[in-house]
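Visitor: this is the structure alone, sequence omitted:
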């Protein structure tokens, strides 16, 4: 047993005495652990616990010169080995040279730097380290030679030049520093080196030299801000004329093709500071006139501020007008078909009074013809032509040009599609003002021939009436009625003209023709005008006949009321009886028509008439005819036939209508008898129910027992369908 236990205690990795390899333990849970540990965490924990702290190397103290030489030899050997391994790593060279410098062996340090420059002579940092070492060692000539070599090899490295000039200035070698700057400027560097050179000269009060540098600077870097710097330099040192001359040279230098608002704003502010406000104003105006409008935003603002501070009211208005013009130019440029913007722009230009500019603006506006032949696109556009012609006539006093504008506008319109009567009439009125009646008539005749319209007919007729050409007016009215015989106003105006001319029979004939037309747009107005005409002519019988003829066509309540008022106003003895007869006749006709509200209106007017002109008996007669109002309900149905609820409405019940229905009372009595009979039957049934109360109780108990038995025999009888089926089977 002990042997077996020993065998069992053998490790799992080796073989047992029996020669069998034990089984490996199986891992049941292969899921990742909830807390994961990375290699970074292991290293950080090792660092925190200071498990890998290496003790610092021991400090070595050199006792004599031999040990120093031995140390230097080992150190140099290490540096040389590092350089030999990789010559392109400049950090090894710099470390080597720095170490040699720390040992005080400058020749060796220079030798290391020179060898490094042979490897990479374009490394700026290497040159800087080399020269800084020479300057630290106060080897000025060596440093100067190095700077010369550096700026010769790398002339575009500004850092060399900055440090070179700084070193010479610190050594108080001003001529040498200036010479370095001059060498630098020959390479035409960026703007900042030039400004540094200028500041150098200003530190030593060399204004003439600084001015000469600026002269070269503005041509090497021809930018607006550099010219402005030059001018401000002169201004700051009190050279006002020179500053003005520089601004003028800058304007000439850039010309009109490369104008910028910053230069002009600076120039104008310079003149403003010198109290030369007129000069500043001229500069602003010159810039605004010659520059593109979209590039003048800040210039407009500066000009406005200047005028508000130093200008007069007219000057301020001019500035504002210029700004508004710029805004309108932008709008019409964005959308040339924006005619409202053109109207505002033209109105603004007209306020200035420059005829050529106004005409040019009008021509630009009318050149934007609507692309579509639909009339609503032309409604705003045509007013540009009208305003143009009116301006030429009233403001410019150029009648021939105004005539040309009218004719060009009329030629432009597509008269087969549509026309504008207003334009034709304005042209005709213009020719009348020029005392050319024939041209005006030809223009309107051409309008009627190309595209006849009611407005042109009316305008032509009004013109002929003013000219007292009544024969032409009659002819035009006849043409007008042939063109549109349904227009009631035309018939009425024609008849009024004949009435004014004293030809009553002709006017009456026109009215007769008018009411005989099969179709009219407003016949009631025509009939009223005809009746009023006969009344004015004191033809009472004719007016009465007209009312009767009209009532044969319509039974409208207003016609009856007007007829009654007419009879009441006629001066004769029986006028009250005639008016009352009209009311009675109207009541009969409206009663037949069934219009209850119109009938109520008539009766109210009749009652008012009787109160004013009748007696108590006649008032009572009308009062008996007045209806009573009854509230009723009716269903509301939608379009698809569904019910929408109920609504209340009022209905008028006239006594005459009830009298015409004698059977209504008999029907009401029959309903009352039926109701009484039903009440008697209900009383008899209730008596029989009380007498048979006990019998009904027994019958109820028997019925319940019968139902219980039927359920026991047929348990499915609770289902209504099955019960119904069984009932139907029994019936069969």
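Guide: Cool, the structure landed. All of these numbers come straight from a predicted model, not from anything done at the bench.

Visitor: CA only for contacts and neighbour counts going forward, please
Guide: Will do.

Visitor: my guess is residue 365 contacts residue 382, does it?
Guide: No - contact between residue 365 and residue 382 fails when scored by Cα atoms under 8 Å: they sit 10.7 Å apart.

Visitor: among those two, which residue is more densely surrounded?
Guide: Between residue 365 and residue 382, residue 365 has the larger neighbour count (other Cα atoms under 10 Å), namely 24 against 21.

Visitor: what's near enough to touch the more buried one?
Guide: The contact partners of residue 365, by Cα atoms under 8 Å, 6 or more residues apart in numbering, come to 336, 339, 342, 384.

Visitor: could those go into a markdown table alongside secondary structure and pLDDT?
Guide: What follows is these, written out as a markdown table (DSSP: H, G, I helix; E, B strand; the rest coil; pLDDT from 0 to 100):
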| residue | secondary structure | pLDDT |
| --- | --- | --- |
| 336 | coil | 82 |
| 339 | helix | 83 |
| 342 | helix | 86 |
| 384 | helix | 87 |
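
Visitor: by neighbours, which of the residues you listed wins?
Guide: Highest neighbour count within the contacts of residue 365, by other Cα under 10 Å: residue 342, with 23 neighbours.

Visitor: distance of that residue from residue 68?
Guide: Separation of residue 342 from residue 68 (Cα to Cα, to the nearest Å): 97 Å.

Visitor: name the nearest residue to residue 402, ignoring sequence neighbours.
Guide: The shortest distance from residue 402 to any non-neighbouring residue, by Cα to Cα, 6 or more residues apart in numbering, is to residue 389 (4.7 Å).

Visitor: tell me how many other residues crowd residue 187.
Guide: Per other Cα under 10 Å, the neighbour tally for residue 187 reads 10.

Visitor: per-residue pLDDT, it?
Guide: For residue 187, the pLDDT comes out at 92.

Visitor: who's in contact with the helix or strand containing residue 209?
Guide: For residue 209, the element it lies in under DSSP states H and E is helix 207-220. By Cα under 8 Å, 6+ apart, the residues outside helix 207-220 that reach it are 188, 191, 194, 197-199, 201-202, 226-227, 230.

Visitor: check which residues of it are buried.
Guide: Buried residues in helix 207-220, counted by 16 or more other Cα atoms under 10 Å: 207, 210-211, 213-214, 217-218.

Visitor: after that helix, which helix or strand is next? Please name it.
Guide: By DSSP H and E, the next helix or strand past helix 207-220 is helix 224-236.

Visitor: buried residues, that following helix. List them.
Guide: Across helix 224-236, burial judged by 16+ other Cα under 10 Å covers 224, 226-228, 230-235.

Visitor: now residue 560: closest residue in space, sequence neighbours ignored.
Guide: Nearest residue to residue 560, sequence neighbours excluded (Cα to Cα, 6+ apart): residue 586, at 6.2 Å.

Visitor: ok so, going back, does the residue nearest to residue 402 touch residue 403 like I think?
Guide: Yes - Residue 389 is within contact range of residue 403, at 7.4 Å (criterion: Cα under 8 Å).

Visitor: who has more neighbours, the two?
Guide: For residue 389 versus residue 403, neighbours defined as other Cα under 10 Å are more numerous around residue 389 (27 against 17).
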